[in-house]
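Chemist: Here you go, sequence then predicted model.
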Amino acid sequence: MSFKAGQRWFSQTEPELGLGLVEAVEKHRIAVSFPATGDSRVYAQDRSPLQRHLVKPGQPLYTTDGDELIVEAVEEREGILYYQVSGPDGTPEMLPEMLLAPELRLDSADRRLLSGQVNQLSWYLLRRRLREQYAHYQQQPARGLLGGRLHLNPHQYHVAAQATRAGLPRAMLSDEVGLGKTIEAGLILWHCQASGLAERLLVTVPDHLLHQWLVEMIRKFDLPLSIFDDSRLEAALMEDPDNNPFGSAQWVLVPHSLWTRPAAAALALEAGWDCLVVDEAHHLHPDPEDPEAAAASQAVWQLAEQTPGVLLLTATPEQDGARAHFERLHLLDPQRFTDYESFQATTDQLVQLSSDLRPFMTLEDGKRPDTEALRDWCQDPESERLLTAVSAAATDTEYESALEALVSHLIDTRGIGRLQFRNSRERIRGFPERELSVHTLEAPADYPLHHPWPERAQPDQVRTDPRTLWLLNWLQSADAAAEKALVICHDLETAEALELHLRLSGGIACALFHEDMDLVERDRAAAWFAEPNTGAQVLVCSEIGSEGRNFQFAHHLICFDLPPHPDLLEQRIGRLDRLGQTEVVQIHVPVLAGSRQQQWLRWYHEGLNAFTHTCDIGGEVLATLISEQAIDLGQDRPLPHAEPTSVNLTLVEWPQGAAFEALLATTAERASAARQRAREGRHRLLEWQSFRRQAAEDLVEQIAHFETSHSPESIVLELLELLGIECDDAGHGLFEVRPGERVIPDSLPEMLDSGCLLTFRRSVAVARDDVRFITWEHPLIRFLLDTLDQTGLGSAGVTLIRVPSLPPGSLYLEATWRPLMQHRAALIASQFLPESLFRCVVDQRSQDVSQAFAAIDLRDLEQRLDKPTLLAIIRQQEDRVEALVEAARTLARPQLDQLRTEAREQAMQHFTHELGRLDTLSAQTGQADRHARNQLTTRQAAVLEAIDQAELHLDSLRLIVSS
């Protein structure tokens, strides 16, 4: 290829970008702009997917002024093409290719036909079949949610669908520990990139979760995130100091620690992103006592302020108090959450709304509560309309549907709505039970029992600690010998000493996991523990082992000591008590009699009931007890700068004797009241909105039905074989693919080039991490579509048929068309205007005979046609074919117009509904969310523009000759 600035090329892999203009040729790279979409690309000269754009004499040419001219001759001058055309007054003009319209017209099927580049009927039908099936997928309500290698857990898919309804989400995912927030985030990210909402994704996570996120996103979603840490950033800047390293990758994964470097934060801000994900968001908050943590928090918050889509993940959103929770909500939506006092008033209001809605959320058979009870909540036009629909419902089905819409709308507009999602075990159900076993042990006479962690005061005595001896005996017992156990200690020094003793003195196969290990070491330890037969029996962790890691294959948790906050205890238990756990979770707590931790244990268990049931109200109860002065912090221990819920148990002066028993009773009362308020107040509404059972189950049922009835298995395997990829049935839904001796595409995706196992069945993909799960959203489908377009396979052909009712020598042209949107919002708009094929057949007199051919199966009538005869037919009919193509185009235009009209109506309905929701929210809060409204109206304008600019694209042509 010879490139020069000013030439016009188009991308074979991204034809939707339109006609490109070469802007610069430097060394081995070419910079190309695409005016139709506003995009730019830089390609390597020897590996670019570019094809030279040439308009031949006799073909139409379109200018930037919108004129359509016929090319009379083509001339090349110093690498630039000049087209001779006749101007409006008939004067000959030479038009340089730079003045061609940016929209690309790829009707090359007619050129392939007339040049004799034709394929057999089987290729033609295969191409049409793939296009038709892909267009059917584009119209699915669950589009964008099919690609994950996941069990179809309704609550996770419901959250992903709701969070992305209006476009890029700004939301907090705060499911209880073990319900799959990472999976929900992955689903949302997958949906955003698959539906065209986002191209650049930035994920930031605690350092110890970096590789877990990387592996999870690759295995579950085929999202190959690029890790950017200190070493990579420094290497990139040394290699090319003038370029921003963050611009070299689209999907980036970053450890929280990187944000302590101001230069890294500045580069990330400069790079710009479509969506930001922050895992364990409660760790990032301003802390005047920790400058590095404050710097990291500020960097992430700045990123969140300027990034359109933001996901904050935290199982304990109120661990740092209600004010910190409000600050995170304010970050997501500053117009809606303006000040803390208003937030508190809204929270109180939700308790009353929850009470008024309770009869409607727990319907009894055959009974319809009086909707007048909701009249005061329905003062805005949309609420009144939904309330009227409930009253007017004739059937139970209509009533339930209208009622769900009303309840959802009220929760959405009065509560937190789509800004926060929280699922609980109580609503999801199906989780195992928890059982607590307390092992009370006698302490040595000189042990510092008053210390929160006595082993910290005497670290060299960990090996002689009674809890260590108990643990060693338990691990060597017959009951535990075949069981895996997760052991969690608060301090890494304790974890190191304990693991060393168990391994050397007890001969126990132990793995160690703590914050001073590097990421590779941690991953190896976790992987060794996960091995079912030859792996470690025990994983000994410091406190960080209780966050993020999933060990549901184990059933025993040993709390060697106890954490100083109820939320940390729930995090510990959540490592085992999570989705996928199949057994009762056995929690063992060895405790020294008379120790301070024995009081913690009793307060957690008898006061909060935090071991055998999920506890998300522990911090609230602690704050209540402090405010009531039921718990004494001691005169020399002033309340920290944060809210009371940030106080931990190490600050508490525990009473003794009867006073302690009274405190346990008071704690149990406050815990019961807090749970009741959560069930009746905003938590109840939030959880109902986060998981509307019927809607969620309908969604996953739609996905399961579509995957069963419209699997891509048949078409994909057939196409791969024809492209030269060998596909061997390995049984049990598995296929082994590898390149054959003669492969048609010039380059293959890595999975095909190196060979792999693939499956089209979700159940197989979930059970086997080593196979690729192929759905209509897998990149392999895009590769097949692009390959057919690049090669032109199946786009042109000649078929000889013998039908008694057709006169010999009769000529027919079958043309297949589809809409082509060359616009930045094309992918988003395709949910309204899919790439549907529409077909027309014209006879030699340019008459429409589509109906007559609708029932004819050419495969049954096709006769063999040798190459010389085929070429002779094409030469004889060349002039007529060109006329028939134009006749077919004339027939196709009304069909495109109808598709565009229908797509426009659907898009308008969608955006009108979402804009109406924002208007209702504004009316309730008194604050107009200008950012959200501008974002939505901009997206609406882009989608409508893309639909309006959709052109007819000639996908394939077949000349049919009757013999």
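Modeler: Okay, I see it. Because the structure is predicted, anything quoted here is derived from the model rather than measured. Residues are numbered from 1 along each chain as shown.
Chemist: For the rest of this, base every contact and every neighbour count on C-alpha atoms.
Modeler: OK.
Chemist: Give me the buried positions along the helix or strand hosting Leu784.
Modeler: Secondary structure from DSSP states H and E places Leu784 in helix 779-791. Under the neighbour-count criterion of 16 or more other CA atoms under 10 Å, helix 779-791 has Leu780, Ile781, Leu784, Asp786, Thr787, Leu788, Asp789, Gln790 buried.
Chemist: for the record, mean pLDDT for that helix?
Modeler: The average pLDDT within helix 779-791 is 89.
Chemist: What segments of the stretch 201-350 of the chain are helices?
Modeler: Assigned by DSSP state H, counting those that start in this stretch, the stretch 201-350 of the chain shows helices spanning 210-221, 230-239, 262-271, 291-306, 322-332, 340-361.
Chemist: do you know which of those lies nearest Ala610?
Modeler: helix 322-332 (20.7 Å; CA to CA).
Chemist: the inter-axis angle of the closest one versus helix 291-306?
Modeler: Computed with axes from the mean of the first three to the mean of the last three CA atoms, to 10 degrees, the direction of helix 322-332 lies at 40 degrees from that of helix 291-306.
Chemist: follow-up on the earlier one: now render the helices of the stretch 201-350 of the chain as CSV, adding mean neighbour count and distance to Ala392.
Modeler: Output for the helices of the stretch 201-350 of the chain, formatted as CSV (neighbours: other CA atoms under 10 Å; distance: least, CA to CA, whole Å):
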stretch, mean neighbour count, distance to Ala392
helix 210-221, 19, 44
helix 230-239, 13, 62
helix 262-271, 16, 52
helix 291-306, 19, 44
helix 322-332, 19, 37
helix 340-361, 16, 16
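Chemist: Show me what the helix holding Leu784 is packed against.
Modeler: Contact here means 3 or more CA pairs under 8 Å, 6 or more residues apart in numbering; DSSP states H and E; on that basis helix 779-791 packs against helix 121-138.
Chemist: Could you export the helix it packs on as CSV, keeping only the C-alpha atoms?
Modeler: Below are the C-alpha coordinates for helix 121-138, written out as CSV (Å, rounded to 0.1, in the frame of the first residue of the first chain):
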residue,chain,number,x,y,z
LEU,A,121,-25.4,-20.2,-3.7
SER,A,122,-24.4,-21.8,-0.3
TRP,A,123,-22.2,-18.8,0.5
TYR,A,124,-25.0,-16.4,-0.5
LEU,A,125,-27.6,-18.1,1.7
LEU,A,126,-25.1,-18.4,4.6
ARG,A,127,-24.3,-14.7,4.5
ARG,A,128,-28.0,-13.9,4.5
ARG,A,129,-28.7,-16.3,7.4
LEU,A,130,-26.0,-14.8,9.6
ARG,A,131,-27.2,-11.3,8.9
GLU,A,132,-30.8,-12.2,9.6
GLN,A,133,-30.0,-13.9,12.9
TYR,A,134,-27.7,-11.1,14.0
ALA,A,135,-30.5,-8.5,13.3
HIS,A,136,-32.9,-10.7,15.4
TYR,A,137,-30.4,-10.6,18.3
GLN,A,138,-30.1,-6.8,18.0
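Chemist: any low-confidence regions in the stretch 651-800 of the chain?
Modeler: In the predicted model, the stretch 651-800 of the chain carries pLDDT under 70 at residues 678-683.
Chemist: before we move on, the earlier item: in a markdown table, list the helices of the stretch 201-350 of the chain along with distance to Thr708 and mean pLDDT.
Modeler: As requested, the helices of the stretch 201-350 of the chain are exported to a markdown table (distance: least, CA to CA, whole Å; pLDDT from 0 to 100):
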| stretch | distance to Thr708 | mean pLDDT |
| --- | --- | --- |
| helix 210-221 | 20 | 86 |
| helix 230-239 | 44 | 87 |
| helix 262-271 | 42 | 92 |
| helix 291-306 | 40 | 85 |
| helix 322-332 | 38 | 83 |
| helix 340-361 | 33 | 78 |
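Chemist: Ala554 is nearest to which of the ones you listed?
Modeler: helix 210-221 (17.8 Å).
Chemist: what sits up against the closest one?
Modeler: Outside helix 210-221, the residues that touch it by CA atoms under 8 Å, 6 or more residues apart in numbering are 147-150, 186-187, 190, 223-225, 227, 253-255, 519-520, 523, 549, 769.
Chemist: now do stretch 18-27
Modeler: Defining contact as CA under 8 Å, 6+ apart, one finds that stretch 18-27 is touched by 3-11, 30-37, 53, 98, 101-104, 822-823.
Chemist: Contacts only, for Gln844.
Modeler: Counting by CA under 8 Å, 6+ apart, Gln844 touches Ser810, Leu811, Tyr812, Leu813, Arg880, Leu884.
Chemist: let me fix that: Arg859
Modeler: Leu121.
Chemist: Let's have the buried residues of helix 779-791 in a markdown table, adding distance to Gly20.
Modeler: Formatted as a markdown table, the buried residues of helix 779-791 follow (distance: CA to CA, whole Å):
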| residue | distance to Gly20 |
| --- | --- |
| Leu780 | 25 |
| Ile781 | 25 |
| Leu784 | 23 |
| Asp786 | 18 |
| Thr787 | 20 |
| Leu788 | 21 |
| Asp789 | 17 |
| Gln790 | 16 |
